[in-house]
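**Student:** coords please:
(chains A, B, C and D)
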Protein chains: 2
Amino acid sequence: MNLFAIDLKAGAPIYEQVLYAARKAILSGELKPGDPFPSVREIAAHLRINPNTVQKALTALKTEGLVETVPGIGNRVRESPEPRAAERAALLNGDLEALVLRARQLRLTLPELEAALRAQWSRFQD
Amino acid sequence: MNLFAIDLKAGAPIYEQVLYAARKAILSGELKPGDPFPSVREIAAHLRINPNTVQKALTALKTEGLVETVPGIGNRVRESPEPRAAERAALLNGDLEALVLRARQLRLTLPELEAALRAQWSRFQD
DNA sequence: TTACTGTATTACGTGTCATAATACAGTAAA
DNA sequence: TTTACTGTATTATGACACGTAATACAGTAA
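**Tutor:** Here you go, the predicted model:
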């Protein structure tokens, strides 16, 4: 099974790091809709962490609609679901405000920030 | 004493919310360098939280260089310190990547995201 | 039947968060 | 000097999240 890349670091919960790496792999196109998604026990063995910790991340992935489970078989990557307006608003208000705040604190200019944004954007498939 | 606006919500540690609100007040220009910064006990009484929780946020503000303490007198807003290159890189790589990832998940377009970024940017003083 | 899947449950240890109650040093004003 | 503010430090306690551990059960495939 193709295991997406994860390198665990201190400072954030393990299950969140697994969740983030899986999101990144799916949304960047590394894993495509219909592709098999690694099993709980496989990921756990590879990262040498507890299967329960992996399952916590998997539950979140299914809630987000990025992964679906075929009972008795395993998981696979889903077609991306329709986003919800409320989540869009939360990103555009809260998360962006926090980002701008930090950028201001670091004395970045708007052009610098925009350039960095576009650079990150281009790292994903369309 | 002028108390900056804070409305506590569930989901995030209280001291982080106090820290964020203080950062926002200072970086947005609501509180200017040289202005007195509210005392630990004053903020604690206003928000009806424990003074120790406020002090935790204050310690972080001093570490960031946004606030300084005059012993026996109180706190005041500092001149913003020089940003560190490492922190800039962390924002431009890690934080921006996470933002772009979420925006992609919500199927935002790059122009939409850029427009929202500029809108948030304009909410602060230059 | 055997060996994989996901899922659920209970228990334990650890650390963070928040509160609480004090205590101490520095400064200003009555 | 006394009083009343500042920030700071310490210790204790309770609630909760996180991670691990050990099982158990149902569904599917070879």
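**Student:** quick one: low-confidence ranges for chain A?
**Tutor:** For chain A, residues meeting the criterion pLDDT under 70 lie at A:1-2.
**Student:** What is the neighbour count of the nearest residue to residue A:92 once chain neighbours are set aside?
**Tutor:** The spatially closest residue to residue A:92, leaving aside those adjacent along the chain, is residue B:116, at 4.6 Å (CB to CB, 6 or more residues apart in numbering or on different chains). In this view, the C-beta of every residue, glycine as well, is placed from N, C-alpha and C. The criterion is other CB atoms under 10 Å in any protein chain shown. On that basis, residue B:116 has 20 neighbouring residues.
**Student:** and the gap between residue B:116 and DNA strand C?
**Tutor:** Applying CB to the nearest atom of the strand, to the nearest Å, one obtains 29 Å for the distance of residue B:116 from DNA strand C.
**Student:** do the same with residue A:8
**Tutor:** The spacing between residue A:8 and DNA strand C, counted by CB to the nearest atom of the strand, is 16 Å.
**Student:** Can you give me the buried ones in stretch A:17-34?
**Tutor:** Of the residues in stretch A:17-34, A:17-27, A:30-31 count as buried by neighbour count, 16 or more other CB atoms under 10 Å in any protein chain shown.
**Student:** do the same with stretch A:42-58
**Tutor:** Neighbour counts over stretch A:42-58 (16+ other CB under 10 Å) mark A:43-44, A:47, A:49, A:53-58 as buried.
**Student:** Considering only those residues, which also neighbour DNA strand C?
**Tutor:** Judged by CB under 7 Å from any atom of the strand, the overlap between the buried residues of stretch A:42-58 and the neighbourhood of DNA strand C comprises A:55, A:58.
**Student:** Which members of the buried residues of stretch A:42-58 are positioned in helices?
**Tutor:** Secondary structure from DSSP state H places A:43-44, A:47, A:53-58 of the buried residues of stretch A:42-58 in helices.
**Student:** In helices only, show me the buried residues of stretch A:17-34.
**Tutor:** Among these, the residues falling in helices (DSSP H) are A:17-27.
**Student:** which among these gets closest to chain B?
**Tutor:** Chain B lies nearest to residue A:27 out of those, by CB to the nearest CB, at 4.9 Å.
**Student:** Please list all residues in contact with that closest one.
**Tutor:** Contacts were defined as CB atoms under 8 Å, 6 or more residues apart in numbering or on different chains; by that measure residue A:27 touches A:66, A:80, A:124, B:101, B:104-105.
**Student:** Just put those residues in a markdown table and tack on neighbour count and secondary structure.
**Tutor:** Rendered in a markdown table, the data for these read as follows (neighbours: other CB atoms under 10 Å in any protein chain shown; DSSP: H, G, I helix; E, B strand; the rest coil):
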| residue | neighbour count | secondary structure |
| --- | --- | --- |
| A:66 | 23 | coil |
| A:80 | 16 | coil |
| A:124 | 16 | coil |
| B:101 | 19 | helix |
| B:104 | 22 | helix |
| B:105 | 19 | helix |
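**Student:** sorry, back to before: among the buried residues of stretch A:42-58, which are in reach of chain B?
**Tutor:** Restricting those to those touching chain B (CB under 8 Å from any CB of the partner chain) yields no residues.
**Student:** Please report the distance of residue A:121 from chain B.
**Tutor:** 5 Å (CB to the nearest CB, to the nearest Å).
**Student:** If anything else comes up later, I'll come back, but that's it for now.
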